[in-house]
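[1] No letters, just coordinates:
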């Protein structure tokens, strides 16, 4: 795999997180290289979402380092990490329910286009914002639903909007937390195509339970079991890995 | 003034923009209304009432920058209204005795700057937190300021407050602002400007992000925004406009006292905003007009008028959470379907027994008030021009009958009205 030769854009070193006496993440080392699609798999309760919370600033690590393009980001608030170019989606849909679809995406473009907290400029006249919002809505195929309040979209549409919010800024590292969870077969196919498209010029780290999706999309796979990464390799070798089969795939296949 | 939350004007992608008149129709109508109202209602009382309404409109809108736009429930908003008033009154007195060349119409700026300064100061503390903690901090700030008003008597004037004479300052193009009509126009102009400014703010990047913070603060952080910074800016700006309202109140009444910063006033602005409707930009305007008017006529009619305002508030929160503006906005799809004539008769049908029930309730309330708290004044009372005796069974029986019968009929009619509404909307959807 040529990807391993490149420099890591996101690096986790000795990362730990405890809640009280429970240690959920127990020393994770991971290097995600620029441009790759990297999947994290593992059984329920392995700590996958916690890992995303640590990387995205939602939780503070108990120990260890997180580096984005070589800069330490561990313990920074979510907005600072987002501004450095790392954006995430959520496992449970996390959108702005009372705002229209258009407004949802528009809000997600504002910071990266430099409009910050401006309370003196008419948002309708910011052509860069309008263009970018249209682009994103076209990309996630919700342009016809732009006037609908996000809270009344169908589940599949909300999941697409979730991805839209994640890619609307300038982030080039995307963390997608179970983007296909709870979807029908047809919806899953559509989302996989969308993920393939949006990850073309970006780096992708994603948690996914659907093995079909994982093997379809990922360049490399890391297997997280009880807060530790037990294997990190190409899909083919992960499939063949005995430890992984025992810990995870075996139960999945049965 | 459509709902700030609803949809982008850009909805017609590549569509044609309507002409100037059409785009600004609401604003032109508002300006005309403000200009012409004194010709319709020209009595001194009416002018003074409308002046007060104008002040309260700004105050309630400034409160909705927090509650409706940013999702912040503050229990201390009157602090900024009151402090704006005190700054204005002191500068007004200094300008009057020192012959400063500042005309009266500029003094609300002083109030606004005072409100802004303290909005920044207190906001810096309060907006570190959101939700319940924020609400508690603002409650504490309100108590803090009111109690320090009793200590700093030079500035706050003790219980009497501080008086001024607005005619002492430099005249403005020959206007001395003695007559109430001139004061009305001064307030109307500031009211128009403030409404326009606050509406414009809802349509800026900050305004939209404030809505995002209201809807989902957690996600807002993950699209790059510091939510406490957003709350801080909202808090400071709302302090600015509350201060302008306080300054206008001083210009109108020529007095300000510490009670105007207190919990009762902070509660009053919550009532206005909520009754009018927090989800709609125009809601607080409606609420400020209605509640100011209710306070005037009710306080004229009965000693226990706050009870009625309280009941109205509880009723609105329970049954009409969208407020009056929300009810009106619900009629938009009916109007679009041209089915208004199908629903209005049902609304009136529900309104009639509703009024009967309210009359019955008020008879019961007033009779028990006369019977208990006002017992030493004797059992005689006059309600709706009818002399009654609180010790006789008549008012009690009549009250119960009216309230119960009206209530039951209202509930039936309300169900019919609801059905008619849904039918009209559904038909509109098909057509």
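    Done, it's in. Values in this document were obtained by computation on a predicted structure and should not be read as measured data.

[2] For the rest of this, base every contact and every neighbour count on C-alpha atoms.
    OK.

[3] and the stretch 51-200 of chain A, which residues reach chain B?
    A:78-83, A:87-88, A:94-100, A:102-104, A:107-112, A:115-124, A:130, A:146-147, A:165-166, A:169 (Cα under 8 Å from any Cα of the partner chain).

[4] Return the members of the residues you listed classed as buried.
    A:78-83, A:87-88, A:94-100, A:102-104, A:107-112, A:115-119, A:121-123, A:130, A:146-147, A:165-166, A:169 (16 or more other Cα atoms under 10 Å in any protein chain shown).

[5] what comes up buried for stretch B:176-188?
    Residues of stretch B:176-188 classed as buried: B:176, B:177, B:180, B:181, B:183, B:184, B:185, B:186, B:187, B:188 (neighbour count, 16+ other Cα under 10 Å).

[6] What of stretch B:332-340?
    Under 16+ other Cα under 10 Å, the buried positions of stretch B:332-340 are B:333, B:334, B:337, B:339, B:340.

[7] Chain A: which of these is nearest?
    residue B:333 (14.8 Å; Cα to the nearest Cα).

[8] and that closest one, what is it in contact with?
    B:425, B:428 (Cα atoms under 8 Å, 6 or more residues apart in numbering or on different chains).

[9] for the record, mean pLDDT for the strand or helix carrying it?
    Using DSSP states H and E, residue B:333 falls within helix B:332-336. The average pLDDT for helix B:332-336 rounds to 90.

[10] next helix or strand past that helix?
    Next along the chain after helix B:332-336, taking DSSP H and E as the criterion, comes helix B:340-371.

[11] how distant is that next one from the center of its chain?
    Its chain's C-alpha centre and that of helix B:340-371 lie 24 Å apart, by Cα atoms, centre = their mean, to the nearest Å.

[12] May I have the strands that pair with the next helix or strand after that helix, each with its orientation?
    Moving toward the C-terminus from helix B:340-371, the first helix or strand encountered (DSSP H and E) is strand B:380-383. Strand pairing for strand B:380-383, determined by DSSP bridges: strand B:386-389 (antiparallel).

[13] And the next helix or strand past the strand it pairs with?
    helix B:393-430.

[14] That following helix and chain A, any residue contact?
    No - if you take Cα under 8 Å from any Cα as the test, helix B:393-430 misses chain A, and the best it gets is 15.3 Å.

[15] what angle sits between that helix and helix B:340-371?
    160 degrees (axes from the mean of the first three to the mean of the last three Cα atoms, to 10 degrees).

[16] State the mean pLDDT of helix B:393-430.
    Mean predicted confidence for helix B:393-430 is 92.

[17] Can you report how many residues lie near the residue in chain B positioned nearest to chain A?
    Residue nearest to chain A within chain B (Cα to the nearest Cα): residue B:224, separated by 4.1 Å. Residue B:224 has 27 neighbouring residues, counting by other Cα atoms under 10 Å in any protein chain shown.

[18] What of residue B:310?
    Neighbours of residue B:310 (other Cα under 10 Å): 13.

[19] what helix or strand is it on?
    Judged by DSSP H and E, residue B:310 forms part of helix B:305-319.

[20] so where is chain B shaky, pLDDT-wise?
    Within chain B, the stretches with pLDDT under 70 are B:1-17, B:429-431.

[21] In it, which residue is most central in space?
    The centre of chain B sits closest to residue B:288, judged by Cα atoms, centre = their mean, with a distance of 3.0 Å.

[22] which residue ranges form the helices in the stretch 151-254 of chain A?
    Secondary structure of the stretch 151-254 of chain A by DSSP state H, counting those that start in this stretch: the helices cover A:155-167, A:185-198, A:211-217, A:235-240, A:242-244, A:250-253.

[23] ok, and for stretch B:32-50, which residues are buried?
    Buried residues in stretch B:32-50, counted by 16+ other Cα under 10 Å: B:34, B:38, B:47, B:48, B:49, B:50.

[24] wait, isn't residue A:208 in contact with residue A:44?
    No - using Cα atoms under 8 Å, residue A:208 is not in contact with residue A:44, being 11.1 Å away.

[25] Which one's more surrounded, those two?
    For residue A:208 versus residue A:44, neighbours defined as other Cα under 10 Å are more numerous around residue A:208 (21 against 13).

[26] and the more buried one, backbone torsions?
    phi -150, psi 140 (degrees, to the nearest 10).

[27] contacting residues for it?
    A:39, A:40, A:41, A:177, A:178, A:179, A:180, A:181, A:214.

[28] From the residues you listed, list the buried ones, please.
    A:39, A:40, A:41, A:177, A:178, A:179, A:180, A:214.

[29] With distance to residue B:361 and pLDDT added, can I get the residues you listed in JSON lines?
    Below are the buried ones among the contacts of residue A:208 laid out as JSON lines (distance: Cα to Cα, whole Å; pLDDT from 0 to 100):
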{"residue": "A:39", "distance to residue B:361": "66", "pLDDT": "97"}
{"residue": "A:40", "distance to residue B:361": "65", "pLDDT": "97"}
{"residue": "A:41", "distance to residue B:361": "65", "pLDDT": "94"}
{"residue": "A:177", "distance to residue B:361": "56", "pLDDT": "96"}
{"residue": "A:178", "distance to residue B:361": "57", "pLDDT": "95"}
{"residue": "A:179", "distance to residue B:361": "56", "pLDDT": "94"}
{"residue": "A:180", "distance to residue B:361": "57", "pLDDT": "93"}
{"residue": "A:214", "distance to residue B:361": "67", "pLDDT": "95"}
